[in-house]
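Visitor: dropping a prediction and its sequence here:
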Amino acid sequence: MTSSIDIHTLNKMLGAGDAPVLLDVRRRADYEATPQKITGATWCDPENIDRWVKDLPSGRPIVLYCVKGGSVSQSVVDRLRREGLDALMVEGGLKAWIENGQPVQAVLPKPYTIHPADVDRLRQAGVSEADIDHSVKVAEKALEIAGRIRADLDMELVGRGALFHDLGKARTHEIEHGKVGAEMGSALGLPEAVTAVMEKHIRGGLTAEEAVELGLPVKDYTLGTLEERIIIYADRLVDIITDGIVAIKSEKEAEDRFEEILQSIPKYGKNDRTLERYLGYHREIQGRMSD
C-alpha cells in the first residue's frame, strides 16, 4: 500500500467536496523558520503526537507533510496507520509544493498565554497566593497592552517577565526582593531576560545613584527594552485597578487618569525621579498605541 501522494493529486483532492484532513507535521523549529503552510493545513507538533493522534477523525483520509517529505512525514504516517487511520504523506513536502507554485498561507504566530506550569513554579517557590494573584493580573495586563502596540515584541518575555517579576517576595517584601528574585530565577533556570525584569523592576528602573541610596548593588537598572517598560507600566496599572484607593469604573479609566493618579497619590508616584519614569513609560506606550 502506497504511503505518499504527489502535489498535483493533493491539489485536486483539496478542491473536492471530500477533501482530506491536511496536517503540517514539520518540527517546531522548521515550522517557525518558514512562516508559510499549505492553505488549510493544521500544524501538529510531531514531538507531541501522543497528545493529538487520538483527536483525528477515523472516517476521513489524512494527508500530511513535513519540509521535504522525508523521515518526519514517514514516521508520522507509520504511527497513524498503526492507529488504523488512512494516512498519506506529500511527496517532496512543503518545499515541492511551494516550488510548484501551489497555494500557501501565512502562518500567524500563536498568542502567548500564561502557562499553568509557571504559576506552579511560583507556588512551589513559596510565593503567597495573594502575590501570585497579583503577578497573574500583571502578566495578563502586560500581554493585553502589548497586543495593542504596533511593534515587534517578544510576547513570551512580556508574559513570563511580568509573571515572575515578584518572585523574590517568596523570601522578602523589602526593596531587595528584586535582587533576591533574580537570584532565585537564575537558580530555577529562567532566561536571563526574565531575571533581568525581576532585578530591574524596583521603582521602575533605578539609576546607579539611586541604587546606592537604597543600599542595592551599584549598577544601572534602567529599563532598556520596550518589553520591560510595558511590564512595569502594567504593574503600576494593576496596583491602581486593584488597590481600591482610587475609585475607578474601568481599567481604561486607570489608563486615562494615570498621570493624575500618580501625581496626586505618593504611593504610586513614590518620588520625583520615579514619577518621571512612570509618566515617561505611560506617554511612550500610549503614543505607540495611537501610531
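Guide: Nice, I can see it.
Visitor: show me where pLDDT drops low in the protein?
Guide: 1-2, 108-110, 290-291 (pLDDT under 70).
Visitor: can you rerun that using 50?
Guide: For the chain, the stretches with pLDDT under 50 are 291.
Visitor: so which residues of it form strands?
Guide: Along the chain, counting by DSSP state E, strands occupy 4-5, 21-24, 36-38, 42-43, 62-65, 87-90, 104-106.
Visitor: got CSV for those, with mean neighbour count and distance to residue 236 too?
Guide: C-beta coordinates here come from the backbone N, C-alpha and C atoms, glycine included. Putting the strands of the chain into CSV (neighbours: other C-beta atoms under 10 Å; distance: least, C-beta to C-beta, whole Å) gives the following:
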stretch, mean neighbour count, distance to residue 236
strand 4-5, 17, 56
strand 21-24, 21, 42
strand 36-38, 19, 40
strand 42-43, 14, 38
strand 62-65, 26, 48
strand 87-90, 25, 51
strand 104-106, 12, 36
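Visitor: Serialize the ones you listed to TSV and add fields for distance to residue 121.
Guide: Formatted as TSV, the strands of the chain follow (distance: least, C-beta to C-beta, whole Å):
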stretch	distance to residue 121
strand 4-5	44
strand 21-24	31
strand 36-38	33
strand 42-43	27
strand 62-65	35
strand 87-90	38
strand 104-106	34
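Visitor: how about residue 69: what's its closest non-neighbour residue?
Guide: Spatial nearest neighbour of residue 69, chain neighbours left out: residue 93 (3.8 Å); criterion: C-beta to C-beta, 6 or more residues apart in numbering.
Visitor: I misspoke; the intended subject was residue 18.
Guide: Counting by C-beta to C-beta, 6+ apart, the residue nearest residue 18 is residue 60, at 7.7 Å.
Visitor: count of residues packed around the one you found?
Guide: 13 (other C-beta atoms under 10 Å).
Visitor: test my guess that it contacts residue 21.
Guide: Yes: using C-beta atoms under 8 Å, residue 60 makes contact with residue 21 at a distance of 5.3 Å.
Visitor: follow-up on the earlier one: for the strands of the chain, which one sits closest to residue 79?
Guide: strand 87-90 (8.5 Å; C-beta to C-beta).
Visitor: can you name every helix or strand that that closest one contacts?
Guide: Using 3 or more C-beta pairs under 8 Å, 6 or more residues apart in numbering; DSSP states H and E, the elements in contact with strand 87-90 are strand 4-5, strand 62-65, helix 71-82.
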